[in-house]
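>>> Prediction below, plus the sequence it came from.
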Amino acid sequence: MSQEKIRLGITGSGFMGQTHAEAASQLEALQVVAVSGGSRAPAMAETYRLQVEPDARSLARREDVDAVVITTPHHIHVSEALEAAQCGKHLLIEKPMTTSVEDCDRILEAADRNGVKVAVGYHQRFRRNVAEACKLLRSGILGPILTVQISMPFPIAALRGERVLGSTWAWWNDPASLGHIINGGPHAIDVIRWCLQTEVATVSALCRTFCQDAPVENTTMALLSFTNGTLGTLFSTSVAASPNFTGEEFRFRIMGADGLMDLDPYGELRVATDGQWRTVSTQPPVGHQSAKTIFNPVRMESYQKQLRDFVRLIRGEPADIGSAVDGRAGVEACLAMLEASKKESVIRLR
């Protein structure tokens, strides 16, 4: 593809649709031309000078759209992705890629058949501490990685009173979206797979619903093994009491044969390889949970970097953006947790 601007269409006008529109508006290589979906589409179109399409199909069929960013609810991703791929549009799909492994495979097949590129929204790869942690882990500074502990508690009750970009949190309880673990869990799985260049081998888990008014899973405790021999645990919940555990919203404690790593993508990255801790990098406040700070430069940084990598992917250049295969892996692992809990068994993936 030439070096001309890549023209984007966005499906979904909520929290993430507006986030991608804002990030793209600050990049010379991109131009957002149209949006479809949601009651906020007209306002979003007015803000960013876009055209409004009645649905994802008409958006995908626009001749002035080269790629589609999908930010609609999880269970809608597959139909919109297949429509766009059939129209020859490249895809950036917000995580989770879909709500089933089979639907991930359908997207992979459609992309291959129509010659389009597919990326998945793993923006955590572009946070400062995660990117630095990845470099260090791949350098072998900790030696062989023995264990990983992942902590993801989230106090959703404290946020329900504030509408961020007009969004509510009601969709988290939609059974079509399966549960909390498939919303945030793919990020955790991707960080480990990407940094350690490994795959999830086995999964066992206990998944529960601790709030009576929630019809879906909102708390998971999982035990993982990886193909490189690493063992891992993952604790994920959306019903942590406010003000949450300090520094635990998204945290990785990694033990290697030769050292330790404490990775907080929203705080500090610390490493201990000589008997004492040292701070390697610090992430400035992201401001991702308040309407007043949602578009601040720190939060936008990772989304801008991700979109720049999306451009590189489309142009056939090296890129670190999450691939469709990465998206499939996150869905597979999180669904395996739900299945393992239901069957009270260990699920072997590889």
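Alright, I've got the coordinates. What you see is a predicted model; the values in this text were computed from it and never measured.
>>> From now on I want contacts and neighbour counts done on CA atoms only, so please keep to that.
Will do.
>>> Can you show me the strands along the stretch 251-350 of the chain?
Counting by DSSP state E, counting those that start in this stretch, one finds strands in the stretch 251-350 of the chain at the ranges 251-256, 259-263, 268-272, 277-282, 322-323, 347-348.
>>> so the third one versus strand 277-282, what angle?
So that's strand 268-272. Using axes from the mean of the first three to the mean of the last three CA atoms, to 10 degrees, the inter-axis angle of strand 268-272 relative to strand 277-282 is 150 degrees.
>>> Give me the helices and strands touching strand 268-272, please.
helix 128-139, strand 259-263, strand 277-282 (3 or more CA pairs under 8 Å, 6 or more residues apart in numbering; DSSP states H and E).
>>> Try it again at 7 Å.
Counting contacts by 3 or more CA pairs under 7 Å, 6 or more residues apart in numbering; DSSP states H and E, strand 268-272 packs against strand 259-263, strand 277-282.
>>> Now render those as a markdown table, adding distance to A56.
Shown next, in a markdown table, are those (distance: least, CA to CA, whole Å):
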| stretch | distance to A56 |
| --- | --- |
| strand 259-263 | 38 |
| strand 277-282 | 40 |
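>>> For this protein, which helix extends over the most residues?
helix 324-343 (DSSP state H).
>>> Now that helix - C-alpha only, CSV.
Coordinates of each C-alpha in helix 324-343 appear next as CSV, following Å, rounded to 0.1, in the frame of the first residue of the first chain:
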residue,chain,number,x,y,z
ALA,A,324,-5.3,-12.2,15.0
VAL,A,325,-3.4,-15.3,16.3
ASP,A,326,-2.7,-13.4,19.5
GLY,A,327,-6.4,-12.4,19.7
ARG,A,328,-7.4,-16.1,19.3
ALA,A,329,-5.0,-17.2,22.0
GLY,A,330,-6.5,-14.8,24.5
VAL,A,331,-10.0,-15.9,23.8
GLU,A,332,-9.0,-19.6,23.9
ALA,A,333,-7.3,-19.3,27.3
CYS,A,334,-10.2,-17.3,29.0
LEU,A,335,-12.9,-19.6,27.6
ALA,A,336,-10.8,-22.5,28.9
MET,A,337,-11.0,-21.0,32.4
LEU,A,338,-14.8,-20.9,32.2
GLU,A,339,-14.9,-24.5,30.9
ALA,A,340,-12.4,-25.8,33.5
SER,A,341,-14.6,-24.3,36.3
LYS,A,342,-17.8,-25.8,34.9
LYS,A,343,-16.2,-29.2,34.5
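>>> can you list contacts of the host helix or strand of I182?
According to DSSP states H and E, I182 maps onto helix 181-196. Under the criterion CA atoms under 7 Å, 6 or more residues apart in numbering, residues 96, 122, 124-125, 134, 137-138, 199, 218, 220, 236, 326, 330-331, 334 lie in contact with helix 181-196.
>>> Can you go through these and name the buried ones?
96, 122, 124-125, 134, 137, 199, 218, 220, 236, 326, 330-331, 334 (16 or more other CA atoms under 10 Å).
>>> And the longest helix of the chain, what does it pack against?
By 3+ CA pairs under 7 Å, 6+ apart, helix 324-343 packs against helix 101-114, strand 118-121, helix 181-196, strand 200-208.
>>> unless I'm mixing things up, V200 is touching S225, no?
Yes. If you go by CA atoms under 7 Å, V200 and S225 touch, sitting 6.1 Å apart.
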